[in-house]
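> Starting from these lines, generate the structure:
(chains A and B)
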There are 2 protein chains.
Amino acid sequence: MNCLSRRLILKPPFHSNPTLNFPSINVSKPISIHKKRKLFANSAITSLVHHPLSGAEEDLVGYVFGKKKATEVAHLIWKRVVQNGDTVIDATCGNGYDTLAMLKMVADESGRGRVYGIDIQGDALKRTASLLDESVTLKEKELVKLFSICHSRMEEIVPENSPVRLVAFNLGYLPGGDKTTTTVSETTQLALEAAKKILIPGGLISLVVYVGHPGGMEELETVEAFASGLPVNNWICCKFLMLNRPLAPVLVLLFKREVAETQ
Amino acid sequence: MNCLSRRLILKPPFHSNPTLNFPSINVSKPISIHKKRKLFANSAITSLVHHPLSGAEEDLVGYVFGKKKATEVAHLIWKRVVQNGDTVIDATCGNGYDTLAMLKMVADESGRGRVYGIDIQGDALKRTASLLDESVTLKEKELVKLFSICHSRMEEIVPENSPVRLVAFNLGYLPGGDKTTTTVSETTQLALEAAKKILIPGGLISLVVYVGHPGGMEELETVEAFASGLPVNNWICCKFLMLNRPLAPVLVLLFKREVAETQ
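I've put the predicted structure just below:
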């Protein structure tokens, strides 16, 4: 496919000669079912059929077409992972929207679900609590535990026998709050290491990284370095970003495989 | 959310005090429908309802969970954009899988659809033609036009009155072919500029960039620089990649908005 040479002579279009257009190589050779399966790249959709995460859920296509934001995509992915009764962590409560979304995912009649909400800023926790007051029942509220600590200390607040299915981060500053107070690389690194320790197989670390503040790019680099170092047989680490909106939030998803790949 | 200071005294968990856990700020204030809508980040899913690209199609979630490859995600996105009767371009035919997938998307009874397949390597076009011979009807085959030219010259082969809905690239070398012959940054840049010119609003430039060969990273940088320069009011340019698989192909999607954004 090298087409650097500008001296190349243009060959006549293949379609001007039907035999060139469709050379009859292997035409008569019957194609096996196995080969046919390999031929169609998009046939792998069927490989999802027996996957526990498959189903007729919402899709992420809206992101590509500018109809969904990174945070919305994150929520859709969470819904594929989180089940009623799960323990999850909102590592950066902010205004509480993620805490609320998580609560809706884990709450059920059993009352086993737990959302551990963390924010170093008391104001953020007040906003989160206020949002919950407005939006959920008293019984649901009791499933949420809010802590005014650094997210790097999440291990201290989750009981040992609580397998954690999701740890979610919004990295940056509190929207509508003090823009000079932001998450920083050093503690985010520690928080990621803590999250890695307590996450169960089949769990997810989700990060929406706001890069439009001083230190934002450095923090993204920290996240990427952490993700890059996770072993491929245990972790699937992907990143979604907008190329022509350099300050738009970047979505990083670190999925811990249910069963480690052997190869 | 700044939690850099290690001297911070751990406050008691908020949940030990119900009033702190859920401060009663604004509890009595009724919440308006408008505010409620704003509160739930994931409610924006509903904004897709009247979008021409919405529907109950397959989703991209499999990518996040390691069940779908970049090429498969690309095909899913194409299906959202391409319609029967459209004109599309496979700028790098390779083994022909993309050409075949595109043909299935544009072919209908009207016979208006066209797939222009390009590859500088004759061997690639032979493989493509052979795959089509094995997989489609004679009538469908007639909708495909194959050209052994550089992809930077795509404007020369598409008739002027053919609005192009999709231009797809697989950048790298021909799988199973000569690995020393690869696409290169200089002509890929020209090809992208050509694709930009002939693409209609609502159309897509799709690139799967294989970076695991010498020059692969340079070519990705060329693609990213091109994408970064496209105006945000006309183009949505996103990138999907695997952070812990540095040689895995990178998916870049450049969607030309149907209607330019005014802000």
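> For chain A, just list every one of the helices.
Using DSSP state H, the helices of chain A run over residues A:18-21, A:33-39, A:61-64, A:70-81, A:97-106, A:122-135, A:138-141, A:185-198, A:216-228.
> how about those helices in CSV, adding mean pLDDT and mean neighbour count?
Yep, even glycine has a C-beta here, placed from its N, CA and C like the rest. Compiled in CSV, the helices of chain A are given as follows (pLDDT from 0 to 100; neighbours: other CB atoms under 10 Å in any protein chain shown):
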stretch, mean pLDDT, mean neighbour count
helix A:18-21, 32, 15
helix A:33-39, 35, 11
helix A:61-64, 74, 24
helix A:70-81, 90, 22
helix A:97-106, 98, 24
helix A:122-135, 96, 21
helix A:138-141, 96, 14
helix A:185-198, 95, 19
helix A:216-228, 96, 18
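> Redo those helices as JSON lines? Include distance to residue B:92.
Below are those laid out as JSON lines (distance: least, CB to CB, whole Å):
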{"stretch": "helix A:18-21", "distance to residue B:92": "18"}
{"stretch": "helix A:33-39", "distance to residue B:92": "17"}
{"stretch": "helix A:61-64", "distance to residue B:92": "21"}
{"stretch": "helix A:70-81", "distance to residue B:92": "29"}
{"stretch": "helix A:97-106", "distance to residue B:92": "41"}
{"stretch": "helix A:122-135", "distance to residue B:92": "49"}
{"stretch": "helix A:138-141", "distance to residue B:92": "53"}
{"stretch": "helix A:185-198", "distance to residue B:92": "38"}
{"stretch": "helix A:216-228", "distance to residue B:92": "28"}
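> nearest spatial neighbour of residue A:189, skipping sequence neighbours?
Leaving aside its chain neighbours, residue A:189 sits nearest to residue A:222 (5.3 Å; criterion: CB to CB, 6 or more residues apart in numbering or on different chains).
> show me the contacts for the one you found.
Taking CB atoms under 8 Å, 6 or more residues apart in numbering or on different chains as the criterion, residue A:222 is in contact with A:185, A:188, A:189.
> Touching, the first one and residue A:216? I think so.
No - shown here, residue A:185 and residue A:216 do not form a contact pair, counting by CB atoms under 8 Å, at 9.9 Å.
> what sits against residue A:235?
A:227, A:254, A:255, A:256, A:257, B:244.
> Output stretch A:193-210 as PDB - backbone C-alpha positions only.
The C-alpha trace of stretch A:193-210 is given here as PDB (Å, rounded to 0.1, in the frame of the first residue of the first chain):
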ATOM      1  CA  GLU A 193      -3.500   1.600  43.400                       C
ATOM      2  CA  ALA A 194      -6.100   1.300  46.300                       C
ATOM      3  CA  ALA A 195      -8.900   0.800  43.800                       C
ATOM      4  CA  LYS A 196      -6.900  -1.900  42.000                       C
ATOM      5  CA  LYS A 197      -6.500  -3.800  45.300                       C
ATOM      6  CA  ILE A 198     -10.100  -3.900  46.300                       C
ATOM      7  CA  LEU A 199     -11.800  -4.400  43.000                       C
ATOM      8  CA  ILE A 200     -13.200  -7.900  42.300                       C
ATOM      9  CA  PRO A 201     -12.700  -9.700  38.900                       C
ATOM     10  CA  GLY A 202     -15.400  -8.500  36.600                       C
ATOM     11  CA  GLY A 203     -15.200  -5.000  38.200                       C
ATOM     12  CA  LEU A 204     -14.500  -1.600  36.700                       C
ATOM     13  CA  ILE A 205     -12.400   1.500  37.500                       C
ATOM     14  CA  SER A 206     -13.900   4.400  35.600                       C
ATOM     15  CA  LEU A 207     -12.300   7.800  35.200                       C
ATOM     16  CA  VAL A 208     -13.600  10.900  33.600                       C
ATOM     17  CA  VAL A 209     -10.500  13.200  33.400                       C
ATOM     18  CA  TYR A 210     -11.100  16.900  33.000                       C
END
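> can you give me how far it is from the chain middle?
9 Å (CA atoms, centre = their mean, to the nearest Å).
> Looking at the contacts of residue A:235, which two lie furthest apart in space?
Comparing every pair within these by CB to CB identifies A:227 and A:257 as the most remote, at 14.3 Å.
> Tell me where the stretch 151-263 of chain A is predicted with low confidence.
Residues of the stretch 151-263 of chain A meeting the criterion pLDDT under 70: A:263.
> For residue A:190, which non-adjacent residue is spatially closest?
In space, residue A:190 is closest to residue A:152, 3.5 Å off (CB to CB, 6+ apart).
> what's the answer for residue A:167, then?
Among residues not flanking residue A:167 along the chain, residue A:195 sits closest, at 4.0 Å (CB to CB, 6+ apart).
> how far away is that neighbour from chain B?
14 Å (CB to the nearest CB, to the nearest Å).
> just residue A:153 next, same as before
Relative to chain B, and taking CB to the nearest CB, residue A:153 is found at 7 Å.
> Distance of that residue relative to residue B:115?
Distance from residue A:153 to residue B:115, counting by CB to CB, to the nearest Å: 57 Å.
> Neighbour count: these two, which is higher?
residue B:115 (29 against 18; other CB atoms under 10 Å in any protein chain shown).
> Contacts only, for that one.
Residue B:115 touches B:88, B:89, B:90, B:99, B:102, B:103, B:106, B:143, B:144, B:145, counting by CB under 8 Å, 6+ apart.
> Name whatever forms a beta bridge with the residue lying closest to the first one once chain neighbours are set aside.
In space, not counting the residues next to it along the chain, residue B:88 is nearest to residue B:166; the distance is 4.2 Å by CB to CB, 6+ apart. Using DSSP bridges, the beta-bridge partners of residue B:166 come out as residue B:88, residue B:204.
> What is the neighbour count of residue B:166?
Close neighbours of residue B:166, defined as other CB under 10 Å, add up to 25.
> Same check on residue A:68?
Neighbours of residue A:68 using other CB under 10 Å come to 23.
> tally of neighbours for residue A:84?
Neighbour tally, residue A:84, other CB under 10 Å: 12.
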